[in-house]
Structure formats: C-alpha cells, structure tokens
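Undergrad: Have a look at this prediction, sequence included:
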Amino acid sequence: GAVVSQHPSRVICKSGTSVKIECRSLDFQATTMFWYRQFPKQSLMLMATSNEGSKATYEQGVEKDKFLINHASLTLSTLTVTSAHPEDSSFYICSARDNLRGGYGYTFGSGTRLTVV
Amino acid sequence: DAKTTQPNSMESNEEEPVHLPCNHSTISGTDYIHWYRQLPSQGPEYVIHGLTSNVNNRMASLAIAEDRKSSTLILHRATLRDAAVYYCILRDKVATNFGNEKLTFGTGTRLTIIP
C-alpha cells in the first residue's frame, strides 16, 4: 500500500530558530499533500494544502510567513517552522493520496513532535 | 464537509465486539462515510469507507443506516491494539474521486480497551 514517510519523528529546538519537516511519498506520486497540526488531547487541525509546483493554500489563521511550505517534487513536501516559539510546540502530521492507484483513503505520515524550548 | 457527531469516549472489554456510532444528519447524496483511527503518538490510518451499503474489510465493518443519517463502525473482536481515537468523516464523492480534497477531522471517539 501507499506509504508516507515523515522526518524527523521528533525534534527539539531553541526558541527563535527554524525547523524543517520533510514529508515523502515513498511509492507513489502526490501532486497534493496536506499538513496538519495537533495539540495534546485535541483533534487534527488542517494548516495548509501543499501543491506540487505552485504555492500552498493556507487555512484561515495560519501564518504563511511563519509556516513555509515547499512542494518541489511529486514525492516531497517540506514544512519549515520559522522563528519557532514555545507555542509552536505541537505534533505535525502530513498526508497524501495515491491518485493513480485509486482507492479512497488518504495515507498519513507518522508525525513529527516539535518541542521548542 | 458535512458535520458528524460522535461520542467523546467509549470503553470496551478486550475480545468483545465494539460498536462506534456516528451521526451525520446533514449528509448529502454524494457523501462517502469514511473512518480513520489514530493510535497514540501516530498519524491517522484509514479504516474503512462506504456510500450506501454495509462494508466489510479485514479491519472492521461499517453499517450504514437506510436513511444514511447515521453509521456504525464495528470492530468484531477488540484487542488492546485497537485503543485509539476513531474519526468519522464525510467526503464528497466527486472530490474524493478527484483526489485532492482536504480531510476535516472532528473530535472523534476515544476508545479504551479494558484487558
């Protein structure tokens, strides 16, 4: 089945620094990937839709200059949290769907736990 | 995406069947009913989906009411590994086929399995 790899699985960074999270579709091509954020005991909140070769579409309230998304190839999307602060500490999850092989399920990465100290 | 309503939490004994309900009274004729689950500290995983008829796969069964305003995810024999948050999500059929429509997650049902 379709596999989405997310890296790193956990990262600790200092306040004010930037962190890059990678999301790769391992055995399929994904023109669209999605980035979610999840705070403890809460549901997943969609942050943005990443489109290969074009600008990402951000959900209302998500700062596009703070959460930079790049989708330079059909198998890789990256999320960069710039000038991270403790309130950005969260569980970040990406997802994608194999459009060519069909099926109706979206595949999710295993998530990245970001802790900003 | 149309709204769904699920109980916040449920408990079940190990090796017993589990019925997880979902209400979706505003479902449209082209909405698929999807179920995902999220194990602790992991991304969600697809469980099952259906449109009108009941569905079975190796993970679970999906029972859909005749009027489609509710559905029930059935785990036939719960194990400790089934402890997770289960999300019921409606997806438009046309958008699903196109393949790039976003998924909107509700609060889900936290299932606890008692040994």
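TA: Received the coordinates, thanks. Numbering: from 1, shown residues only, chains lettered A, B, ... in the order given.

Undergrad: Quick check: residue A:9 touching residue A:110?
TA: Yes: between residue A:9 and residue A:110 there is a contact under CB atoms under 8 Å: 6.3 Å. Using the backbone N, CA and C atoms, a C-beta is placed for each residue, glycine as well.

Undergrad: more neighbours, the two?
TA: Ranked by neighbour count (other CB atoms under 10 Å in any protein chain shown), residue A:9 and residue A:110 place residue A:110 first, with 16 against 12.

Undergrad: quick one: that one from residue A:23, how far?
TA: Going from residue A:110 to residue A:23 by CB to CB, to the nearest Å gives 10 Å.

Undergrad: same check, this time on residue A:3
TA: For residue A:3 relative to residue A:23 (CB to CB), the value is 11 Å.

Undergrad: What separation do you get for the residue nearest in space to the middle of chain B and residue B:12?
TA: Centroid check for chain B by CA atoms, centre = their mean gives residue B:35 as the closest residue, at 2.9 Å. Residue B:35 is 16 Å from residue B:12, where distance means CB to CB.

Undergrad: Okay, and the beta partners of residue 37?
TA: This is for chain A. residue A:45, residue A:92 (DSSP bridges).

Undergrad: Oops, wrong one, chain B.
TA: For residue B:37, the beta-bridge partners are residue B:45, residue B:86 (DSSP bridges).

Undergrad: residues touching it, list them.
TA: B:44, B:45, B:47, B:82, B:84, B:85, B:86, B:87 (CB atoms under 8 Å, 6 or more residues apart in numbering or on different chains).

Undergrad: How about residue A:114?
TA: Contacts of residue A:114 (CB under 8 Å, 6+ apart): A:10, A:11, A:13, A:19, A:21, A:81, A:84, A:88, A:89, A:90, A:91, A:92.

Undergrad: Check residue A:113 too.
TA: Going by CB under 8 Å, 6+ apart, residue A:113 touches A:9, A:10, A:11, A:90, A:91, A:92, B:41.

Undergrad: The last one: how many residues sit nearby?
TA: The local packing count at residue B:41 equals 11, with neighbours defined by other CB under 10 Å.

Undergrad: Roughly how far does it sit from residue A:2?
TA: According to CB to CB, residue B:41 and residue A:2 sit 21 Å apart.

Undergrad: which one in chain B is furthest away from the centre?
TA: Distance to centre of chain B, CA atoms, centre = their mean, peaks at residue B:115 (22.9 Å).

Undergrad: Looks like that one contacts residue B:16 (just checking).
TA: No: counting by CB under 8 Å, residue B:115 stays clear of residue B:16, with 11.5 Å between them.

Undergrad: ok so, going back, shared neighbours of residue A:110 and residue A:23, anything?
TA: Residues touching both residue A:110 and residue A:23 (CB under 8 Å, 6+ apart): A:5, A:6.
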